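Asker: kindly generate the corresponding structure for this input.
(one chain, ligands or ions: 3)
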Amino acid sequence: MSDSELLALQTDHLETLQQRYEQALAEHGFDSLLISSGAAPMRYADDQGWVFHGYGPFVHWTGLVDQEFSWLLIRPGQKPVLWLFQPVDFWHANPEFSPEPWHQQVDIRFIAERQVPSIDGAGRIAVIGDPAYLGDVAGEHNPADLLTAIEETRVRKTPYEIACLARANELAVKGHRAAQNAFLAGASEFGISLAYQQATGQREAESPYHSIIGLNEHAGTLHYQYYDVEAPSQPRSLLIDAGVRFRGYSSDITRTTAAPGEDRFAALIHGLDQLQKRLCAMVAPGVDYADIHRKTHQGLAALLVAAGIVDGVDEQALVSEGVTRAFFPHGIGHFLGIQVHDVAGKRTPSPEDAPFLRLTRTLEPGMVVTIEPGLYIIPSLLDPVLAGPLGKHINRAVIEELRGCGGIRIEDNVVVTDDGHRNLTREVMAA
Ligand code: GLY
Ligand code: MN
Ligand code: MN
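Answerer: Ligands and ions are numbered 1, 2, ... in the order given. Next up is the predicted model:
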């Protein structure tokens, strides 16, 4: 899709938001809504601020993730008013703001001070955002029922949002290719991070989450957060979980690569990849997302047996006795959008058999989810299984061999369509 087609979709997106927000306001008895962009807090007892990423509803309307101390007013039947904070400041630059078609749909005013706009005739007004930046502005702050309704406006993505998520995937895939090449050329975790940022053109602070780049056993720490600057003497595996933000929208992609000669680990990656594709194929309207999580455990049980990791136990027992959970302790995925773990996934608690599942809803067209099965060698989870009644069925020699490869995760970003799904990640990887 060309840039101009994407920008044309954005104007439809704003019209849809106007309708959705008007309905949410009417249902909860409000006449208007003031949204704060928020701002980055300062580090405690320091003059340095944290990296700023704007508040979700503000980004939902504007796509502006780096505008601090700014405000957006929504009223039924009226143009939204956007106050953008653009101070005169010789220490810092203001965020870039070049003309785009959607600016015609919004009344844009620039403010040079950190001030709350004065609003006349707003009626019953709700004010939402980080309470630290709402101060004593008049109105009801963060009313819970309205916030729930506003989160709900983000669940079924508009065509514009899906186009942005597709672009975020295109950019991230470039980074993943560069990261894999850097690994195969012997780069360290730090070097792989640099290759990823170079290829995506986005520095890590601007990306939706801190990249997870683990070599060897580091790949077994689910959210491994450091970068060794030296490559290991024998690189065996790379797990990289990294995304890109495009006009506020996030990608969240994971790939795992075996070093040449790591045949057993490579076969396991292949097995998990096959399973992951079957799980992606389940994504369709009417499907209970928790059932995809359950299918993952069944598939992992079969894979553990096929790979010779477990022997002589019924596959169903591997699931019911918690063996698969020791190898795959997290949920199968989550909503994806402005936030990497996007809002409104859990209107009901996680089922007992999936305590970390962040998404417990039935899938509907327009939802965007990740599908991210994993298989890890995590000593703190596996040791109790090895010491338990099923321990004798687990092939310790194979576990020992795989331990130094850490683990595998394969993660795609998948849209629920009217009659099935669209895999935003694989369609780029296959291109
Ligand atoms: N990158 C975090 C996650 O996959 O959920
Ligand atoms: Mn994810
Ligand atoms: Mn991820």
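
Asker: and the residue in the stretch 101-250 of the chain positioned nearest to ligand 1, how far from residue 251?
Answerer: Here the residue of the stretch 101-250 of the chain nearest ligand 1 is residue 241; by Cβ to the nearest ligand atom that distance is 4.6 Å. In short, each C-beta sits where N, CA and C put it, glycine included. As for residue 241, its distance to residue 251 is 11 Å (criterion: Cβ to Cβ, to the nearest Å).

Asker: do residue 89 as well
Answerer: 32 Å.

Asker: of these two, which one has the most company?
Answerer: residue 251 (33 against 9; other Cβ atoms under 10 Å).

Asker: show me where the stretch 301-431 of the chain has helices.
Answerer: 315-320, 323-327, 379-387, 396-403, 424-429 (DSSP state H, counting those that start in this stretch).

Asker: out of those, nearest to residue 153?
Answerer: helix 424-429 (21.1 Å; Cβ to Cβ).

Asker: give me the contacts around that closest one.
Answerer: 162, 165-166, 169-170, 173, 251, 253, 277, 280, 368, 411-415 (Cβ atoms under 8 Å, 6 or more residues apart in numbering).

Asker: quick check: mean pLDDT of it?
Answerer: The average of the pLDDT scores along helix 424-429 is 98.

Asker: now it: how far from the chain's centre is it?
Answerer: Helix 424-429 sits 16 Å away from the centroid of its parent chain (Cα atoms, centre = their mean, to the nearest Å).

Asker: of all the residues in that helix, which ones are buried?
Answerer: 424-426, 428 (16 or more other Cβ atoms under 10 Å).

Asker: got the buried residues for stretch 252-264?
Answerer: So, applying 16+ other Cβ under 10 Å, buried residues of stretch 252-264: 252-259, 262.

Asker: so for that stretch, first residue to last residue, what's the gap.
Answerer: Start-to-end span of stretch 252-264 (Cα to Cα, to the nearest Å) is 27 Å.

Asker: centre of the chain to the helix or strand where residue 271 lies, how far?
Answerer: Element membership for residue 271 (DSSP states H and E) is helix 263-281. Put simply, helix 263-281 sits 22 Å off its chain's centre (Cα atoms, centre = their mean).

Asker: do it and ligand 1 meet at all?
Answerer: No: judged by Cβ under 6 Å from any ligand atom, helix 263-281 stays clear of ligand 1, getting no closer than 13.1 Å.

Asker: any residues of the stretch 251-400 of the chain in contact with ligand 1? List them.
Answerer: 252, 340, 372.

Asker: list just the nearest of the residues you listed to residue 287.
Answerer: Taking those together and measuring to residue 287 by Cβ to Cβ, the closest member is residue 372, at 16.4 Å.

Asker: bridging residues for the closest residue to that closest one other than its chain neighbours?
Answerer: Distances taken as Cβ to Cβ, 6 or more residues apart in numbering put residue 411 closest to residue 372, at 3.5 Å, once the chain neighbours are dropped. Note on residue 411: beta-bridge partners by DSSP bridges are residue 254.

Asker: what's around residue 411, how many residues?
Answerer: Look at residue 411: counted by other Cβ under 10 Å, it has 22 neighbours.

Asker: so what's it up against?
Answerer: When contacts are taken as Cβ under 8 Å, 6+ apart, residue 411 is in contact with 241, 252-255, 333, 370-372, 425.

Asker: report the separation between the most centrally placed residue in the chain and residue 242.
Answerer: The centre of the chain sits closest to residue 340, judged by Cα atoms, centre = their mean, with a distance of 2.1 Å. For residue 340, the distance to residue 242 equals 11 Å [Cβ to Cβ].

Asker: in space, what's closest to the residue of the stretch 1-150 of the chain found nearest ligand 1 - neighbours in sequence excluded?
Answerer: Of all residues in the stretch 1-150 of the chain, residue 53 sits closest to ligand 1, at 14.7 Å by Cβ to the nearest ligand atom. Leaving aside its chain neighbours, residue 53 sits nearest to residue 65 (5.5 Å; criterion: Cβ to Cβ, 6+ apart).

Asker: could you do residue 300 as well?
Answerer: residue 324 (4.6 Å).

Asker: enumerate every residue touching residue 13.
Answerer: 158-161.

Asker: now residue 182: how far from residue 161?
Answerer: 31 Å.

Asker: interface residues of this protein facing ligand 2?
Answerer: 252, 370 (Cβ under 5 Å from the ion).

Asker: where in the chain is pLDDT low?
Answerer: For the chain, no stretch is flagged by pLDDT under 70.

Asker: now, among the buried residues of helix 424-429, which is nearest to ligand 3?
Answerer: residue 425 (10.9 Å; Cβ to the ion).

Asker: from residue 373, how far off is the closest one?
Answerer: Taking Cβ to Cβ, one finds residue 425 at 14 Å from residue 373.

Asker: burial of residue 205, as a residue count?
Answerer: 11.

Asker: now it. Nearest residue, chain neighbours left out?
Answerer: Closest to residue 205 by Cβ to Cβ, 6+ apart is residue 51, at 4.5 Å.

Asker: so residue 337 touches residue 157, yeah?
Answerer: Yes: Residue 337 is within contact range of residue 157, at 6.5 Å (criterion: Cβ atoms under 8 Å).

Asker: where do the contact lists of the two overlap?
Answerer: Common neighbours of residue 337 and residue 157 (Cβ under 8 Å, 6+ apart) are 165, 368.

Asker: what about residue 405, how many residues nearby?
Answerer: Count around residue 405 with other Cβ under 10 Å applied: 27.

Asker: do the one 10 residues further on as well
Answerer: Taking other Cβ under 10 Å as the neighbour definition, residue 415 ends up with a count of 21.

Asker: okay then, goodbye and thanks.
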